[in-house]
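*Asks:* 3D model of this:
(one chain, ligands or ions: 1)
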Amino acid sequence: MKSMFFELTLNVMMRMMAGKRYYGEGAEELEEERKFKEIVMTETLELTREEIDKEIGSKRVMEESDIGKLPYLHGIIKETLRMCLVTPLLIPHESSEECSVGGFCIPRGTMLLANTWAIQNDPGCWEQPSEFNPERFIRPEMVKNGFKMLPFGTGRRTSPGESLAMGLFPFTLGSLIQCFEWERIGEEMVDMSEGNGLTIPKAHPLLAKCTTPTYD
Ligand code: HEM
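*Replies:* Numbers count the residues shown, from 1 in each chain. You can find the predicted model right below:
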């Protein structure tokens, strides 16, 4: 009911201010309406649903071959991997030979930790890094100094699971968004606090409400 009351309130406000309604039956299908919803809907779930509806529709369930048509969905996954790294310090490496990193001499046998969290959240590289903005991966001009994305590490020890994960994530998440409506269970935002562990688990499991969407 919360989302319906929300739409009702906004419709009343917009009827008063602009003389038109932007939600539900009788709402005009305007570019202006699309932009208004885009501004109002801060979480990004609805934009992904719109992208899936536009590219795949509701007559069939998405297939793996569809994921290339969904740049916004990819943006969400990349932005999540940028802000919430699975392994913020990668896996400890050891220098097999003496080497130089950033002007510092690193003796052979030194344990090396790469702070990828700092790189991926560096304001020198990313515009407003604390803001969740999947569009930065759609509009590359928003990224300063090129991409500084290393969620899977890099080089010879890079994660061999990268292509598996990047194929499976959009397909799994996209299918969940296409097949169900998702909502938080209460007023509170999802608790993103981190628990202990090598791969930074969520401290509290995600609880969400899902319902089956109704299509015309
Ligand atoms: C979201 C998914 C994943 C992320 C973000 C991720 C991230 C990483 C990172 C950051 C490393 C360390 C790289 C380094 O130290 O330079 C790593 C190593 C590794 N990952 Fe993944 N990984 C993911 C999924 C997977 C999957 C699905 C597999 C296996 C099917 C996998 C297998 C491995 C293995 C075997 C290593 C050790 C590689 C080595 O030390 O030579 N990963 N992963």
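
*Asks:* where's the residue nearest the centre of the chain relative to Gly186, distance?
*Replies:* Centroid-nearest residue in the chain: Ile76, 2.4 Å away (criterion: C-alpha atoms, centre = their mean). Distance of Ile76 to Gly186, given as C-beta to C-beta, to the nearest Å: 23 Å. C-beta here means a position set from N, CA and C on the backbone, and glycine is covered the same way.

*Asks:* ditto for Met17
*Replies:* Computed as C-beta to C-beta, the Met17 to Gly186 distance reads 30 Å.

*Asks:* what's the local residue count around Phe132?
*Replies:* Number of residues near Phe132 (other C-beta atoms under 10 Å) recorded here: 15.

*Asks:* which residue comes closest to the residue in the chain that the ligand sits nearest to once chain neighbours are left out?
*Replies:* Residue of the chain nearest the ligand, by C-beta to the nearest ligand atom: Gly161 (2.0 Å). In space, Gly161 comes closest to Phe152 once its chain neighbours are excluded; the distance is 7.4 Å by C-beta to C-beta, 6 or more residues apart in numbering.

*Asks:* wait, what's in contact with the one you found?
*Replies:* Phe152 sits next to 158-159, 161-162, 165 when contact means C-beta atoms under 8 Å, 6 or more residues apart in numbering.

*Asks:* now, those that are in strands?
*Replies:* Among the contacts of Phe152, DSSP state E puts none in strands.

*Asks:* ok, of these, which come out buried?
*Replies:* Buried members of these, scored by 16 or more other C-beta atoms under 10 Å, are Ser159.

*Asks:* among the contacts of Phe152, which one sits closest to Pro205?
*Replies:* Set against Pro205, the nearest of these by C-beta to C-beta is Ala165 (20.5 Å).
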